[in-house]
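Chemist: Have a look; sequence and predicted model below, questions after that.
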Amino acid sequence: MLSVSPDPGFVAGKSFAYLFHFKAPFHTFEGKELAIFAEHQDTHERIEVANPKVITYPSWGYEGLERHIVQINIPYAGMWRYIIEVDGEFYADIVLKVREPL
């Protein structure tokens, strides 16, 4: 359904770009609100990592959301489950490890 490519140097406490590659056709998202949350695997703390936004056009140069870029700042290290919702409904999730800053 999707893959995520965070900036290779991403660490906790700093804003980094994440590239979300959605594989579904554009009509799946067009006119709908896309929201992204993160939940820490140990504490179950849930944060909104990207302001919900209505999708009105595809990724620049693509037919769909193949290159949907989001700036994300995760407050502390650990395993985080990223939850993607479309119009308030669960769409997909993925777990990524966030490292401590060096």
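Modeler: Here it is on my side, so go on.
Chemist: Need the distance between the two termini of stretch 51-65.
Modeler: Stretch 51-65 has an end-to-end distance of 17 Å (Cα to Cα, to the nearest Å).
Chemist: cool, stretch 40-54 as well?
Modeler: 26 Å.
Chemist: Same check on stretch 67-83?
Modeler: End-to-end for stretch 67-83, by Cα to Cα: 17 Å.
Chemist: Repeat that for stretch 35-53.
Modeler: Stretch 35-53: ends 7 Å apart by Cα to Cα.
Chemist: Quick check, central residue of the protein?
Modeler: Nearest to the geometric centre of the chain sits Ile36, at 5.0 Å (Cα atoms, centre = their mean).
Chemist: close enough to count as contact, that residue and Arg81?
Modeler: No: checked against Cβ atoms under 8 Å, the pair Ile36 and Arg81 is beyond contact range at 11.2 Å. No exception for glycine: its C-beta is placed from N, CA and C like everyone else's.
Chemist: Tell me which helix or strand comes right after the strand or helix carrying Arg81.
Modeler: For Arg81, the element it lies in under DSSP states H and E is strand 78-86. Scanning forward in sequence from strand 78-86 by DSSP H and E, the next helix or strand is strand 89-98.
Chemist: First-to-last residue distance for stretch 60-80?
Modeler: End-to-end for stretch 60-80, by Cα to Cα: 28 Å.
Chemist: got the buried residues for that stretch?
Modeler: Buried residues in stretch 60-80, counted by 16 or more other Cβ atoms under 10 Å: Gly64, Leu65, His68, Val70, Ile72, Ile74, Gly78, Trp80.
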